[in-house]
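> Here you go, sequence then predicted model.
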Amino acid sequence: MARNGSGAFPNGGHALLAAMDVSAFRFAPLLPAKTCLSLLDLRLLAPLLAQEEPLELLTSWLSANEARFLAGLTYPKRRVEWLGGRLAAKHGLSRLTAAHSSTPYRDYSLLPDAHGRPVLDSPLPFGDSLHVSISHSKHYAAALVTTAPVCGLDIQEKTARLVAVQERITTADERALASAIPDPPTRLALLWTVKEAVKKGCLADHPSFFGAIRVIDLDHDPLATFWTARCLVRDEGVVLARIIEFDNYLLAWVIGADHA
């Protein structure tokens, strides 16, 4: 990540950067051009935040406004998640703009708007057309960066808790669509993360969205590495979401003109 930063990466940080590079390389074949998906393992980041020197360098990549926002977060879990999401996003931005810019990370901000959506305040090349979505779940933070006009990302750990709330977050028809997936937490995590990604990409300003999004088709080619979900979205028509499974997580995204 020191591509656009200043100074050496802190002890342990090289593993953090290498892991994000690997994730971006892994996801690249599944994404359209001018799009990057970066995944950050928060278990690698958390120890760095407990060390004075690494913390100083990590936060030096934040803009002044971002550093103030981070300083206002007192709950350790929230601090790690928030910083992890910003570092993943700046990693993706760096990969997309590296051929055109060496702008230091601290020279631009990713701060939440009134709906919690990250907004890029940026001197980066084609900055006006860059869109970012950030998500986190337990051990991971993830960020999607694209020049496409629609950008929504969600990551969700597979947990038994989802079974207890399945009637609140899904319909009987949606559960039937996913019935070929034998594991109930996997089925429900998939449906949840699809709806969250669609919400972030298409309905970010809607406080309540589950009634506005319905999964109407779900396809998984045995030879493919991902699912495709078709979602009927109020005022948007049919939107496509892509979903992959890794470790104990589901990751879903909506990009650009993924309408059908």
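Happy to help now that I have it. Numbers count the residues shown, from 1 in each chain.

> In the chain, spot the strand with the most residues.
In the chain, assigned by DSSP state E, the strand with the most residues is strand 237-246.

> Tell me which residues are up against it.
Under the criterion C-beta atoms under 8 Å, 6 or more residues apart in numbering, residues 27, 30, 186, 190, 193-194, 197-198, 201-202, 216, 225-233, 250-255, 258-260 lie in contact with strand 237-246. Glycine gets a C-beta too; all of them are placed from N, C-alpha and C.

> Among those residues, name the buried ones.
27, 186, 190, 193-194, 197-198, 201-202, 226-231, 233, 250-255, 258 (16 or more other C-beta atoms under 10 Å).

> which secondary structure element contains the closest residue to residue 184 other than its chain neighbours?
Distance criterion C-beta to C-beta, 6 or more residues apart in numbering; nearest residue to residue 184, sequence neighbours excluded, is residue 163 at 5.2 Å. Under the criterion of DSSP states H and E, residue 163 resides in helix 161-164.

> just to revisit the earlier point, let me see the contact set for the residue nearest to residue 184.
Contacts of residue 163 by C-beta under 8 Å, 6+ apart are 184-185, 188.

> thinking again about what came up before, out of the contacts of strand 237-246, list just those in helices.
27, 186, 190, 193-194, 197-198, 201-202 (DSSP state H).

> any low-confidence regions in the stretch 1-150 of the chain?
For the stretch 1-150 of the chain, the stretches flagged by pLDDT under 70 are 1-13, 54, 57, 99-101, 123-128.

> distance of the spatially closest residue to residue 253 that is not a sequence neighbour from residue 136?
Distance criterion C-beta to C-beta, 6+ apart; nearest residue to residue 253, sequence neighbours excluded, is residue 153 at 4.8 Å. Distance of residue 153 to residue 136, given as C-beta to C-beta, to the nearest Å: 10 Å.

> intersection of neighbour lists for these two?
Contacts common to residue 153 and residue 136, judged by C-beta under 8 Å, 6+ apart, are residue 142.

> This protein: helices as residue ranges?
13-27, 42-49, 52-60, 64-71, 76-97, 161-164, 166-169, 172-177, 184-202.

> how does this structure divide up, domain by domain?
Following automatic domain parsing, one finds the domains of the chain at 13-148, 154-255.

> Quick check: mean pLDDT of the last one?
In other words, domain 154-255. Regarding domain 154-255, the rounded mean pLDDT is 91.

> Over to it now: how far is its first residue from its last?
Domain 154-255 has an end-to-end distance of 12 Å (C-alpha to C-alpha, to the nearest Å).

> can you give me how far it is from the chain middle?
Chain-centre distance of domain 154-255: 15 Å, with C-alpha atoms, centre = their mean, to the nearest Å.

> Identify all contacting residues around stretch 197-205.
By C-beta under 8 Å, 6+ apart, stretch 197-205 touches 115-117, 133, 135, 150-154, 206, 209, 212-213, 231, 233-234, 236, 239, 241, 252-255.

> who touches residue 89 in this structure?
38, 110, 118, 132, 134, 143, 145.

> can you do 10 Å?
36, 38, 40, 105, 110, 118, 120, 132-134, 141-145 (C-beta atoms under 10 Å, 6 or more residues apart in numbering).

> closest to residue 98 among those?
Closest approach to residue 98 among those (C-beta to C-beta): residue 36, at 10.4 Å.

> what's the closest non-adjacent residue to that closest one?
Using C-beta to C-beta, 6+ apart, the closest residue to residue 36 is residue 92 (3.9 Å).

> Count the neighbours of that neighbour for me.
26 (other C-beta atoms under 10 Å).

> surely it meets residue 24?
Yes. With contact defined as C-beta atoms under 10 Å, residue 92 and residue 24 form a contacting pair (7.0 Å).

> Can you tell me how far the residue lying closest to residue 58 once chain neighbours are set aside is from residue 86?
Once flanking residues are discounted, residue 58 sits nearest to residue 48: 6.1 Å by C-beta to C-beta, 6+ apart. As for residue 48, its distance to residue 86 is 14 Å (criterion: C-beta to C-beta).

> Alright, I will stop here.
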